[in-house]
Every structure is written in structure tokens, then in C-alpha cells.
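> The following comprises the amino acid sequence and a computationally predicted model.
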Amino acid sequence: MATEQSQRTGGGPRTGGGTLSGVTRWMENLSETGFAYLLLTPALLLLGTIALWPLLSTFRLSLFADSLTGGLGNFAGIQNYVAVLTGQRNALLPAPFLPSSLTVDALFGSALTVTLIFTVVSVFFETIIGFGQALVLNQDFRGRRWVRVAIIIPWAVPIVIQGMLFYLLFQPGIGLFIGREGNPTILQTLGPFSATPLANTVDATLIIIVADIWKTTAFMALLILAGLQSIDRTLYDVARVAGASKWQTFKRITFPLVLPSVLVAMLFRTIQAMRIYGVIETVAGCTTVPSLSCLVISSFNNTLVGTSATIAFITAGIIALVVSVYIFKYAREEMG
């Protein structure tokens with residue numbers, strides 16, 4: 001009798017069911033976006049753990065001084081950051097982190113400047129050329145499938161093969177674009193390259209930018225093409241009936257609707273460009289064209305573990321700042 005009365009009055013046996021019903025009602029009241037985030041929570045927690053653990057470990061290493069015998073020295077706090085950002089560590093690094101002056105040699109001799117120049121120039125041209133390729137591939141024409149395959153081929157080339165290709169093209173004496181001493185090619189006569197471009201920081205940086213644009217433009221084109229094909233085709237029919245010109249259609253329909261896809265593509269490419277290493281090491285070497293990733297690896301190989309971790313964490317901070325700008329811009333485009 002007591003048990004039956006307890007069940008009728010909502011006693012103990014119904015507590016679990018009431019809690020479950022409350023959770024069910026809470027989930028039913030969630031918006032579609034909130035419910036989607038709820039389903040993604042386990043994956044986000046897993047990815048967050050995988051991503052944050054190396055980052056936190058790197059930050060911990062950056063708080064220790066370098067040891068001449070390898071490994072870590074004594075606890076140094078933020079001294080490594082002060083030393084790197086003020087140039088005090090430049091004498092120990094394979095290349096300076098910051099430029100010592102505003103001369104061309106000093107700017108291109110610093111890892112931060114080279115990385116930023118490479119990122120801005122390569123991502124800019126890859127976006128412009130990739131956008132043009134995507135607009136062409138979005139049209140119906142005979143042989144479009146083969147054109148798509150031809151555009152993807154450079155992107156499929158491994159980084160080492162890409163680097164060796166451009167290394168041989170600009171190798172003095174055997175390269176297609178660099179002639180033997182006393183017999184310069186037309187590109188050398190009219191262009192910016194010296195007799196030994198792979199040994200010159202400015203020339204080598206330009207070559208590496210061209211190599212990256214050649215390889216990665218296809219990546220941008222594919223992402224932007226996906227955005228173009230997601231646009232409702234009836235909008236173009238309405239614009240055609242209304243008498244809109246091709247420029248008006250592009251300005252009012254194509255560009256605003258594909259802009260979020262362009263921003264996502266630029267975000268991915270910017271993150272990759274900030275971590276450039278493989279093509280530099282293969283084409284000219286990190287001693288000729290220093291980058292932040294080159295500086296991290298070279299410092300670690302020279303047993304400067306604390307300094308290497310410091311530069312790596314600063315690089316991650318710069319990438320996070322750039323990503324936040326893209327996300328802010330993307331959110332504005334989605335809302336507006």
C-alpha cells in the first residue's frame with residue numbers, strides 16, 4: 001500500500017523518470033542551432049582536448065630557459081618571450097625573429113616578416129586566380145571535366161616534388177629560367193632574378209611564392225566552386241528576365257552569396273601559409289628564406305628547446321589572431 005501511494009503521489013520510483021522527462025523537454029525546446037551544437041559537443045570536446053593539450057604543453061616548455069646540454073633549463077617565466085620579441089635572442093637563433101631595421105635585407109632576413117609577406121602575397125593571388133578559375137569551371141562548356149582535372153594536378157603534386165621542380169627550374173646552369181654565368185636568360189635580363197636566385201633571400205622568397213601559388217590555387221578554386229554551385233540558379237533566371245547585365249548579376253547575386261565560401265577558403269589557406277616550411281626547405285633552405293616554422297625547427301635542432309617552444313607559441317597566437325579576424329568577418333557576412 002505504501003509503495004502504491006508513493007507512486008500515485010510522485011514519490012521515489014518516479015524521480016528518475018521525472019528527471020528524464022525534464023531533460024527531454026529541455027532538448028525539445030532547443031532551437032535547431034542549439035540542438036546541433038548539443039550533438040556536436042562530444043566531438044568538440046575530443047577535438048578541443050587533442051588541440052589544447054599540445055598547445056598547453058608547448059606553453060609550459062616556453063617558460064623554461066634553454067640548456068646548453070640539451071633539454072630544459074631553469075624556470076624562466078616570460079623571459080623567453082621578452083628575449084625573442086626584443087631581439088635579445090637573435091644572436092643565438094639561425095635567423096632573427098624580428099627585423100633589426102627597415103632595410104630590405106633586414107626585413108627579408110627576419111622570420112616574422114618573411115612569413116607575413118609570404119602569407120599576404122600568396123593568399124591574395126591564390127584567391128584572385130582561384131576565383132577566376134572557379135567562375136570558368138562553373139560554366140557549362142565542352143570538356144569542362146578535363147579542365148577540372150588539369151587544374152587539380154598541381155595541387156596533387158607532393159610538396160617535395162614541387163620543391164625539387166622549382167629548385168631545378170632556377171638552378172644556375174641547368175635551370176630553364178637561369179642561364180650560365182655570362183649568358184643570362186630573357187627572364188634574368190627583364191626580370192628581378194640575379195645570377196644565383198636560390199642563394200638570394202629576396203629572389204628565393206619570390207620563387208617560393210610563385211611555387212605556392214602554382215600548387216595551391218586549385219585548392220582555392222575548388223572551395224570557391226563549391227560555393228558557386230550552391231547558389232540557387234533561379235536567381236540568375238530572375239536577373240536575366242529583369243534585364244540585368246553580367247556585371248550587375250555578379251555584383252548583386254554571385255559575389256555576395258559566394259563571399260562566405262571565399263572567406264572560408266582564405267581562412268584555410270592563411271593557416272597553412274603561416275606554417276610554411278616544406279617548400280622552403282626543398283627549394284632554397286631555411287638559411288636563405290627563414291620563416292617562423294623554419295625558426296622553430298632550427299632552434300629545436302640547436303637544443304634551444306625553450307626558445308623553440310616560445311616561437312611556436314607566438315606563431316600559434318598570431319594564427320589565432322588572424323583566425324579571429326576571419327571569423328568576425330564571416331559572422332558579419334552571415335548576419336548581413
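Perfect, thanks for sending it. Numbering: from 1, shown residues only.
> Hmm, Phe313 and Asn80 touching each other?
No - with contacts counted by Cβ atoms under 8 Å, Asn80 stays clear of Phe313, the gap being 9.3 Å. Quick note: C-beta positions are derived from backbone N, CA and C, even for glycine.
> more crowded one of those two?
Per other Cβ atoms under 10 Å, whichever of Asn80 and Phe313 has more neighbours is Asn80, with 26 against 21.
> pretty sure that one is in a helix, no?
Yes - looking at Asn80 with DSSP: H, G, I helix; E, B strand; the rest coil, it is inside a helix.
> For it, list the residues it contacts.
Contact partners of Asn80, counting by Cβ atoms under 8 Å, 6 or more residues apart in numbering, are 62-65, 89, 306-307, 309-310.
> re earlier: mind listing the shared neighbours of Asn80 and Phe313?
Shared contacts of Asn80 and Phe313, defined by Cβ under 8 Å, 6+ apart, are found at Ser62.
> Using PyMOL, define a selection of the buried residues within the contacts of Asn80.
Provided next is the PyMOL selection string for whichever of these are buried by 16 or more other Cβ atoms under 10 Å:
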select buried, resi 62+63+64+65+89+306+307+309+310
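> Show the end-to-end separation of stretch 235-247, please.
End-to-end distance of stretch 235-247 (Cα to Cα, to the nearest Å): 14 Å.
> and what of stretch 99-115?
12 Å.
> For the most centrally placed residue in the chain, give me its contacts.
Centroid check for the chain by Cα atoms, centre = their mean gives Ile271 as the closest residue, at 1.6 Å. Contacts for Ile271 (Cβ under 8 Å, 6+ apart) come out as 319, 322-323.
> what's the pLDDT at it?
Note on Ile271: pLDDT of 90.
> what about it, which helix or strand?
helix 255-274 (DSSP states H and E).
> buried set for whichever helix or strand comes after that helix?
With elements assigned by DSSP H and E, the helix or strand that comes after helix 255-274 is helix 278-283. By 16+ other Cβ under 10 Å, the buried positions in helix 278-283 come out as 279-283.
> Name the next helix or strand downstream of helix 278-283, please.
helix 292-301.
> Any buried residues in that next one, and which?
292-299.
> Who are the packing partners of it?
With contacts taken as 3 or more Cβ pairs under 8 Å, 6 or more residues apart in numbering; DSSP states H and E, helix 292-301 sits against helix 111-137, helix 305-335.
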